[in-house]
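Kindly return the folded structure for what I paste below:
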Amino acid sequence: DVTVVTSSGKVTITDSLGNYRISAGAEDSLSFVYNGKATMKFPVKTIPVQNAFNISLRIRIKDKYKLLSRVTVYANTYQQDSLENRNEYAKVFSRQKPGLQTSTDPGGAAGLDLDALIGVFQFRKNKQSLAFQQRLQQEEEEKYVDYRFSSALIKRLTGLNGDTLQRYKSLYRPSYEFVRATTLAEFYQYILNTSYAFKRAAGINLQQPGGGGGN
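The predicted structure follows:
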């Protein structure tokens, strides 16, 4: 999308690879325009190889549009990933404690709801259901910590890998409450701080990830 212009008024646009073709006379000059800004004019008669005239444009790009290398994106919430688990056990998660309820017969006489009365005395069943719900909740929280405190993230931030990385994870695994309460920046700082302490205690060289050697 760079515009190529001759001084005689002919115009073309470069393709996605920067290639272009344009007819120009010996007395013409070429200039290149990008984002409304033009280069100097290049006289055709001074171009040594006229069928392969290449130039490079250095463009200053605002930070938010700068091209980045490969980026891994981590979500700040695990809620969407847990929806399948919630849907699968929806009856357990939505279960309400049984209680005595009143019912009214067609004649208008009030009494105890028999089903509710039976439910009150199903202590063992209710206790098992509550324990199951708590176990599912704990499992969901553990998966969330695994998701945030992942080996890939720790390796990228600290350079640890293999058995050393697993020992670090075992020693410094954060709680669910901590992971939920911290911002992304605070969580990354926690990993860096604890990894420095871990490396010092283990006698590992404190070097930046990707610096070579050590694990």
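
Tell me how far Gly18 lies from Ala38.
17 Å (Cβ to Cβ, to the nearest Å). C-beta coordinates here come from the backbone N, C-alpha and C atoms, glycine included.

hmm, I was thinking of Gln133
In terms of Cβ to Cβ, Gln133 sits 69 Å off from Ala38.

Between those two, which has more neighbouring residues?
Neighbour count, other Cβ atoms under 10 Å: between Gln133 and Ala38, Gln133 has more, with 16 against 11.

what kind of secondary structure is the more buried one in?
Classification of Gln133 using DSSP: H, G, I helix; E, B strand; the rest coil returns helix.

swap in Ser170?
helix.

Let me see the mean pLDDT of the longest strand along the chain.
Longest strand of the chain, by residue count under DSSP state E: strand 29-34. Strand 29-34 shows a mean pLDDT of 89.

Counting by contacts, list what it packs against.
Packing partners of strand 29-34 (3 or more Cβ pairs under 8 Å, 6 or more residues apart in numbering; DSSP states H and E): strand 3-6, strand 42-43.

Neighbouring strands - and their directions - for the helix or strand just after that strand?
Next helix or strand after strand 29-34 toward the C-terminus (DSSP states H and E): strand 37-38. Using DSSP bridges, strand 37-38 pairs in its sheet with strand 29-34 (antiparallel).

pLDDT below threshold where in the protein?
Residue ranges of the chain with pLDDT under 70: 60-68, 71-129, 205-215.

before we move on, the earlier item: show me which residues of the longest strand of the chain are buried.
29-30, 32 (16 or more other Cβ atoms under 10 Å).

So what touches it?
1-7, 22, 24, 38-44, 47, 53, 55, 57, 59 (Cβ atoms under 8 Å, 6 or more residues apart in numbering).

Select only the buried ones of those in PyMOL?
A single PyMOL command selects the buried members of the contacts of strand 29-34 (16+ other Cβ under 10 Å):
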select buried, resi 2+3+4+5+6+24+44
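
Walking through the chain, point out its helices one by one.
83-88, 90-93, 114-120, 123-148, 151-158, 162-172, 176-181, 184-202 (DSSP state H).

Indicate which one of these is closest to Thr14.
Smallest distance to Thr14 across these (Cβ to Cβ): 37.3 Å, for helix 151-158.

Packing partners of the closest one?
Using 3+ Cβ pairs under 8 Å, 6+ apart: helix 151-158 touches helix 162-172, helix 184-202.

Which one, of the helices and strands packed on strand 29-34, ends up nearest to Pro174?
strand 3-6 (54.8 Å).

What strands flank that closest one, and is each parallel or antiparallel?
Partners of strand 3-6 in the sheet, by DSSP bridges, are strand 11-13 (antiparallel), strand 29-34 (antiparallel).

Tabulate these in TSV, adding columns for distance to Arg156.
Shown next, in TSV, are these (distance: least, Cβ to Cβ, whole Å):
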stretch	distance to Arg156
strand 11-13	41
strand 29-34	36
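
Many thanks, have a good one.
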